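> Let me see the structure of the following:
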Amino acid sequence: MDLVESVYRVTHGFPKEERYGLTAQVRRAAVPVPSNIAEGQGRGIRREFSHHLRIGNGSRQELETQLLIAQRLGYISQAAVEGLLIASAEVGRVLAGLLRSVG
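Numbering: from 1, shown residues only. I've put the predicted structure just below:
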């Protein structure tokens with residue numbers, strides 16, 4: 001959820017004409033990461049949890065790609081992108097550990 005909060009803060013500074021474009025896409029990629037973790041865990045079935053962890057990880061990778069696109073377009077600084085990518089990588093490590101433990 002910290003990653004989502006950071007993404008919202010950073011995208012607040014994107015150009016207004018991107019409100020329905022890249023800004024919305026980046027946010028739509030960030031929100032499903034914790035949402036899928038919660039949904040999968042809430043179902044109480046290991047296979048469902050594993051499935052939702054994989055979906056969340058896919059959204060996380062989509063988010064990373066979109067952040068790099070935003071950087072290339074000059075909407076976000078290299079330092080900000082690096083911080084978000086570090087946070088995303090940490091989430092990825094947590095997801096990988098959860099996937100290993102769930103089986």
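> what comes up buried for stretch 69-83?
70-71, 75-76, 80-81 (16 or more other C-beta atoms under 10 Å). (Glycine included, C-beta is placed from N, CA and C.)
> Tell me the first helix or strand C-terminal of the lengthiest helix in the chain.
Counting residues, the longest helix found in the chain (DSSP state H) is helix 46-72. Using DSSP states H and E, the next helix or strand after helix 46-72 towards the C-terminus is helix 78-102.
> Give me the residues contacting that next one.
2-3, 6-7, 10, 33, 37, 46, 49-50, 53-54, 56-57, 60, 63-64, 67-68, 70-71 (C-beta atoms under 8 Å, 6 or more residues apart in numbering).
> roughly how far is it from the heart of the chain?
Once both centres are worked out by C-alpha atoms, centre = their mean, to the nearest Å, helix 78-102 turns out to sit 9 Å from its chain's centre.
> And that helix, what's buried?
So helix 78-102, judged by 16+ other C-beta under 10 Å, has buried residues 80-81, 84, 88, 91-92, 95, 98.
> Buried subset of the contacts of helix 78-102, written for PyMOL?
The following PyMOL line selects those of those that are buried, judged by 16+ other C-beta under 10 Å:
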select buried, resi 3+6+7+10+33+37+49+50+53+56+57+60+63+64+67+70+71
